[in-house]
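**Q** A predicted structure for the sequence below; I have some questions about it.
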Amino acid sequence: MKTKTFITFPLVFSLGVVIGAFGNQAVSSDKSAILRTPHIIADLVEFKGKEARMYTVQIAPGAITPRHRHPGHYLTYILEGTGVLLQDGKADIELKPGASYYIHSPDDTPASWHAVWNTSKTEPLVSLSVLIIDKDRPATVYDK
């Protein structure tokens with residue numbers, strides 16, 4: 001009986017930790033944990049119907065963005081904090097100051113869907129992002 005308890009307890013404890021971690025991400029996965037501050041929206045006159053949008057994005061400590069994509073060319077440079085880029089079909093990318101990434105998602109391709117997780121419990125994750133997009137498109141499309 002003692003051996004069964006010895007094996008069962010760690011298994012149940014581990015399961016609880018995993019459920020708690022996913023539960024925490026689900027609760028933290030809301031748009032209010034993300035602050036996007038626009039800096040420039042510029043017509044790209046050489047590219048009819050296209051514009052560039054530059055903004056800083058701040059993700060609250062411990063938060064994860066909802067799964068989303070940006071219809072166009074999306075370039076990001078990490079200014080502060082630590083996190084992980086979780087991109088469908090690709091290896092996770094560690095985010096820290098000086099890291100950068102590029103996602104091209106002209107349509108609903110699997111690799112265009114992603115989320116960003118701020119792994120710090122105390123500091124925001126701050127990035128500078130540039131999006132090149134059709135003028136009539138939204139900057140972000142969230143998964144349903």
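**A** Here it is on my side, so go on.
**Q** now the helices for this structure?
**A** 2-28 (DSSP state H).
**Q** any idea which residue sits dead centre in it?
**A** Geometric centre of the chain, nearest residue: Val116, 1.9 Å, by CA atoms, centre = their mean.
**Q** Relative to Ala115, how far out is the residue lying closest to that one once chain neighbours are set aside?
**A** What sits nearest to Val116 in space, not counting adjacent residues and going by CB to CB, 6 or more residues apart in numbering, is Thr65, at 4.9 Å. C-beta: built from backbone N, CA, C; applies to glycine. Counting by CB to CB, to the nearest Å, the separation of Thr65 from Ala115 is 5 Å.
**Q** Tell me which of the two has more neighbours.
**A** Using other CB atoms under 10 Å as the criterion, Thr65 and Ala115 rank with Thr65 on top: 23 against 17.
**Q** which phi and psi does that one have?
**A** phi -70, psi 150 (degrees, to the nearest 10).
**Q** show me the contacts for it.
**A** 29, 31, 33-34, 59, 115-117 (CB atoms under 8 Å, 6 or more residues apart in numbering).
**Q** The residue nearest to Ile40 when sequence neighbours are not counted pairs with what?
**A** In this structure, Ile40 finds its nearest non-sequential neighbour in Met54, 4.4 Å apart by CB to CB, 6+ apart. Applying DSSP bridges to Met54 gives these bridge partners: Ile40, Val130.
**Q** again, but for Ser100
**A** Here Ser100, judged by DSSP bridges, has bridge partners Tyr77.
**Q** Next up, the contacts around it.
**A** Counted by CB under 8 Å, 6+ apart, Ser100 has contacts 75-78.
**Q** Where neighbours are concerned, which of those residues has the most?
**A** That'd be Ile78 among the contacts of Ser100, by other CB under 10 Å, with 22 neighbours.
**Q** check contacts around it.
**A** 95-100, 125-127.
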